[in-house]
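Enquirer: build the 3D model from these lines:
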Amino acid sequence: PGFFVPFFRLNPHRDYEREFERSVGRGFLGLKLHPVSQQFELDDERVVRLLGMAARADLPVLIHTGFAMQRVVKPLLPTIEAHPELRVILGHASMVEVLEAARAFEDNPNVLFETSVVSAKDLYVLFSSVDAGRVCYGSDIPYGDIPSTLYGTLAAAVSAGVPDKRLQDVVSGNIRRWFP
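Expert: Residues are numbered from 1 along each chain as shown. Alright, predicted model coming up:
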């Protein structure tokens with residue numbers, strides 16, 4: 001309560017520049033992209049241009065990288081390298097290639113791994129592969145409920161050796177740092 005961060009969603013298949021500017025002007029603090037539901041690839045030139053706009057506007061981008069995704073790291077890595085200031089939240093922690101994503105982005109502090117509806121095994125792999133400061137809890141209601149997703153995230157973190165004092169950062173501190 002008292003801390004909600006408004007994100008807006010755009011379709012890269014449409015003329016999005018004016019809507020992007022309008023949303024930023026209205027106080028939205030992040031952009032959400034869903035490659036599956038909007039049927040685009042992360043290396044599509046329109047998406048790359050949109051991610052560049054987000055980087056210049058200092059807007060974090062939450063990208064669906066979960067169910068039904070085929071590729072994440074290979075198409076996204078060149079854009080992240082071209083825009084080191086771009087902040088990306090990998091929704092569902094790039095579950096289709098969690099270990100590859102952890103390795104590719106492990107040294108980039110501007111990439112967060114969000115935990116909603118990720119399997120316990122993949123969460124364990126994630127927490128074993130990246131610093132806990134790079135992981136943020138997510139629930140993705142109605143697909144995941146808060147009690148079970150929170151328990152699964154914390155259990156995986158503890159099993160992977162994340163110290164108790166870092167768990168609060170996973171639950172809220174890491175993402176809050178992006179929205180002071």
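Enquirer: what sits against the nearest residue to residue 74 once chain neighbours are set aside?
Expert: Distances taken as CB to CB, 6 or more residues apart in numbering place residue 43 nearest to residue 74, at 7.8 Å, with adjacent residues excluded. The way it works is simple: take the backbone N, C-alpha and C, and place the C-beta from them, glycine included. Applying CB atoms under 8 Å, 6 or more residues apart in numbering, one finds that residue 43 lies in contact with 74, 75, 76, 78, 79.
Enquirer: model confidence score at residue 43, please.
Expert: Listed pLDDT for residue 43 reads 98.
Enquirer: that one and residue 27, how far apart?
Expert: 30 Å (CB to CB, to the nearest Å).
Enquirer: repeat for residue 42
Expert: For residue 42, the distance to residue 27 - CB to CB - is 27 Å.
Enquirer: more neighbours, those two?
Expert: Ranked by neighbour count (other CB atoms under 10 Å), residue 42 and residue 27 place residue 42 first, with 23 against 7.
Enquirer: what kind of secondary structure is the more buried one in?
Expert: Assigned with DSSP: H, G, I helix; E, B strand; the rest coil, residue 42 falls in the coil class.
Enquirer: got phi/psi on it?
Expert: Backbone torsions for residue 42, taken as degrees, to the nearest 10, come to phi -70, psi -20.
Enquirer: which elements pack onto the helix with the most length in the chain?
Expert: The helix that spans the most residues within the chain, counting by DSSP state H, is helix 146-159. The contact analysis (3 or more CB pairs under 8 Å, 6 or more residues apart in numbering; DSSP states H and E) places helix 146-159 against helix 120-129, helix 164-168.
Enquirer: C-terminal to the first one, what's the next element?
Expert: Past helix 120-129, further along toward the C-terminus, the next helix or strand under DSSP states H and E is strand 135-136.
Enquirer: pLDDT below threshold where in the protein?
Expert: Applying pLDDT under 70 to the chain picks out residues 1-2.
Enquirer: now with 50?
Expert: 1 (pLDDT under 50).
Enquirer: centroid residue for it?
Expert: The residue lying closest to the centre of the chain (CA atoms, centre = their mean) is residue 89, at 1.9 Å.
Enquirer: can you tell me the element it falls in?
Expert: Assigned by DSSP H and E, residue 89 falls in strand 88-91.
Enquirer: and that strand, what does it pack against?
Expert: So strand 88-91, by 3+ CB pairs under 8 Å, 6+ apart, packs with strand 61-64, strand 111-114.
Enquirer: what residues does that strand touch?
Expert: 30, 60-66, 72, 76, 80, 101, 105, 110-114, 116, 136, 138, 140, 175.
Enquirer: what about residue 150, how many neighbours?
Expert: Residue 150: 17 neighbours (other CB under 10 Å).
Enquirer: now do residue 13
Expert: So residue 13, with other CB under 10 Å, has 12 neighbours.
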